[in-house]
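S.K.: have a look; sequence and predicted model below, questions after that.
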Amino acid sequence: MTVASPRLVLRGRDITAEAISASVVVLLIVVAATTSDTFLTPVNLTNLLKQMVTTGLLAFGMLVVILTGGIDLSVGSVVAFSGILAAGLAAGLPIPVAMAVGVTAGIAFGLINGVLVARFALAPFVVTLAALTTIRGLAFVYSEVPVTPEDPAFLALGSTMLGPIPLITLIMAIVFIAGGVFLTRTPAGRSIIAIGGNAETVRLAGINVRKHVVFAYAISGACAGLAGVVLASRVGIAQPSVGVAFELDAIAACVIGGASLSGGRGSVRATFGGVLVLVLINNLLNLYGVQSFWQQVLKGLIIIVVILVRRK
Amino acid sequence: MSLVLRGVTKDYAGVGVLHGIDLEGRFGEVLAVVGANGAGKSTLIKILSGAEPMSVGEMWIDGGHVRLRSPHDAHERGIRTVYQELTLVPGLSVTENLLMGDFPRRRGLIDWPAAHARTAELLESIGFRTIDPRTPAKQLTIARQQMVEIAKALVKEPRVLILDEPSAVLSGHDLDSLFALIRRLRERGVLVIYVSHRLTEVLDMATSIVVIKDGRVIETTEPARTSENDLIRLMAGRRLEQIYPGRRSEPGQTRLQVSGLTRTGEFQDVSFTLRAGEIVGMFGLVGSGRSELARCVFGVEPATAGSGAYSSPAEAIAAGLALVTEDRKRTGLVLGMSVRDNIALTTLKGPFIDLAKQRDEIGGMIGRLGIQPVGCAPMVVEHLSGGNQQKAVLAKWLLKGPRVLLLDEPTRGVDMATRVEIYRMIDALAREGVAVLLISSDLTEVIGASDRVLVMAHGRIVGELRSDETSEDEVLAYSMGTPT
């Protein structure tokens, strides 16, 4: 018997989720453009493009982990550690090397998370919760006080503009495009999605499940490390306390984009839509001059509304 | 004193599944509902159990008009359903699963000794006394879980009991207990609505039989007035002799040699050989260790001793093996993924997927196996019927071009028409030189579709019989340890 599918799935893409994300984004832009004089100014738009980078990078990494049926709560701490490590090392090492070490630290943390989850079959929530506090501690151990890189070249990454587009926004866009290709066109990407759907079936198909799960956490670690380095370069200062609760925005972006927290379902495009929704809400509330505590309240409520809408 | 359906019609988003079903079941009767997969049996059950509303039509109980709004509503009216899919909470004990929401209490707290005693009493009264009430559900075999499901429906004696393929996972003694139970319920005035693919069983148990095809009742009859052949012809348009292709094989070289294979607690000292071009049936009652043996050979679980098993599924696949597991939902498919992505699972390799090539190959395989509906490649596999899901599992492995095919209950919950197709396909593969192990608890199938039959009991191979010389009685006798 045939039961009509409530979700439109075409070539593995979740059209409904993408359409909902896209229409919410368009709605927010229209509201912002018509109610605020400052929204469409070049300064604000450049700001917007820069602000989406951190959440964007974290959300893509988070999506890969969520697709396996896991979660990575440690990304906010990795942002702090990678940023402060890169900024600190920049005093003695060439800046690209210092930054690469920062990103590599993120990958290393991801690998450790992945091995604990895959090899020792520990719950992802618990493993990455422990990593959250451990890595945050390590950031403070490395430097209790904020590190300000003296060489202005450290700031180049975060301030370079390619025409109207900030370099870091371009980097994030490349991550999303490459990520989309990875998840739809590579055996590793397809395997990661299938593992979230039914790991035992995938194992019996001869695919190395553990390896792919470790890989997923390493991708999340790499994204978080990159986000940390980019953030330090953008604001010109690396703080051990930065990035608290960043993992929540990343998870929210995935969920707004229709990803299933039990794994196996999620879309790169729709997740990017989720990132835009979050960043636009923040920007809009700032432009309206809403007090920051009220911003948190409103953001939470808006997330619930978006998820309720896409539930239909 | 009856339950009556009049003109029941059901459509999903405009697609008609049932077209004016008329049905009458009297209390104290066993009403069998038979039909090919996709005929509409599952939908009919959902309507009877309150899980789905009917689009058009009426239901009457004892002459009173009834409208079921939910499964709870159906329970209130004494209608209980045992679904094919198991619904027990895996981590909870048998007692908790059975008495959930209705525990005996003492001073406000659950009285555990009384609860376990009541469960034991209930299990005893319906003939399932070998189940310990304290065992967590997940530690029970599928057959035992099925029995607990049935017990759950009987905690309060129902007026109507709907059983959807209750015998699919049962064999031997368990099956006898079930049949005895159904007889007792009938005598006590319960209407048992019995849905099964096993026609011998239906002819044995039922007092009346309804044949459904394409969402319509095409025949209402009684066991005395019909036969297995008649029913098959009605359901699928074929006769029994046409079900199994005639086998005559000249086995070639050895493809799989298992000797002295042991996995402690599951099977001991198992030796057998699979040769190119032959189909070897393997029969055993639930718990005889046949599925465990197949999983071990395929490298899913390690062996304790002996040779012939691979150390991981990847290695087994590299050596040309394929394993179709007994539970397609849990270990055969990724239910939320598309048909195409499921079939692609065994062939994922290299840095990039050639989407065009993949689409062609998989499209060809879908066409070759006739997976319905046409154009189902992008559909979520969960939305296919049982038989077509099974074909998707087979497609996944055939794409790999296996040299040794291990099939564990490949026709469980599969309709007759699709079964026939699967038997023909297995036969064709064997003719191409594939060595096939066909594990089944269906006696007719295990003999009819194979060249020889290995019989397993208590973790050992206790007999090997030529399919053209043996009988169902002989195979069964070996499996119960009483060969004549």
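M.R.: Arrived safely, thanks for sending.

S.K.: show me chain B divided up by domain.
M.R.: Using automatic domain parsing, the domain parsing of chain B gives B:2-238, B:254-479.

S.K.: could I get those domains as CSV with mean pLDDT, mean neighbour count and distance to A:Q295?
M.R.: The C-beta positions use only the backbone N, C-alpha and C, and glycine is treated the same way. CSV is the format used below for the domains of chain B (pLDDT from 0 to 100; neighbours: other CB atoms under 10 Å in any protein chain shown; distance: least, CB to CB, whole Å):
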stretch, mean pLDDT, mean neighbour count, distance to A:Q295
domain B:2-238, 87, 18, 42
domain B:254-479, 91, 20, 36
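
S.K.: nearest to A:T201, of these?
M.R.: Minimum separation from A:T201 across these (CB to CB) falls at domain B:254-479, 5.4 Å.

S.K.: hmm, back to that, how about the domains of chain B in a markdown table, adding distance to chain A?
M.R.: Below are the domains of chain B laid out as a markdown table (distance: least, CB to the nearest CB, whole Å):
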| stretch | distance to chain A |
| --- | --- |
| domain B:2-238 | 3 |
| domain B:254-479 | 4 |
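
S.K.: closest to A:E150 out of those domains?
M.R.: For A:E150, the closest of the domains of chain B is domain B:254-479, at 42.2 Å, according to CB to CB.

S.K.: gap between that closest one and the chain center?
M.R.: Here domain B:254-479 shows a centroid-to-chain-centroid distance of 15 Å under the convention CA atoms, centre = their mean, to the nearest Å.

S.K.: next, the distance between the ends of it.
M.R.: Criterion CA to CA, to the nearest Å; first-to-last residue distance in domain B:254-479 is 26 Å.

S.K.: please report the distance of A:A216 from A:V115.
M.R.: Separation of A:A216 from A:V115 (CB to CB, to the nearest Å) stands at 12 Å.

S.K.: so if I had to pick from the two, which one is more boxed in?
M.R.: Neighbour count, other CB atoms under 10 Å in any protein chain shown: between A:A216 and A:V115, A:A216 has more, with 32 against 17.

S.K.: angles on the backbone of the more buried one, please.
M.R.: Dihedral pair for A:A216: phi -60, psi -40, per degrees, to the nearest 10.

S.K.: surely it touches A:M62?
M.R.: No: applying CB atoms under 8 Å as the test, A:A216 and A:M62 come out as separate, 10.2 Å apart.

S.K.: on that earlier part again, now the domains of chain B as TSV including distance to A:A87?
M.R.: What follows is the domains of chain B, written out as TSV (distance: least, CB to CB, whole Å):
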stretch	distance to A:A87
domain B:2-238	48
domain B:254-479	35
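
S.K.: these: which one's closest to A:I304?
M.R.: domain B:254-479 (24.4 Å).

S.K.: before we move on, the earlier item: of the domains of chain B, give the one that comes closest to A:R119.
M.R.: domain B:254-479 (15.0 Å).

S.K.: helices along the stretch 201-312 of chain A, start to end?
M.R.: Assigned by DSSP state H, counting those that start in this stretch, the stretch 201-312 of chain A shows helices spanning A:209-235, A:246-256, A:268-287, A:292-311.

S.K.: repeat for the stretch 51-200 of chain A
M.R.: Counting by DSSP H, counting those that start in this stretch, the stretch 51-200 of chain A has helices at residues A:75-89, A:95-118, A:124-142, A:156-159, A:167-185, A:187-204.

S.K.: how about residues contacting the third one?
M.R.: What it means is helix A:124-142. Here helix A:124-142 makes contact (CB atoms under 8 Å, 6 or more residues apart in numbering or on different chains) with A:65, A:69-74, A:76-78, A:80-81, A:84-85, A:88, A:109, A:112-113, A:116-117, A:240-241, A:247.
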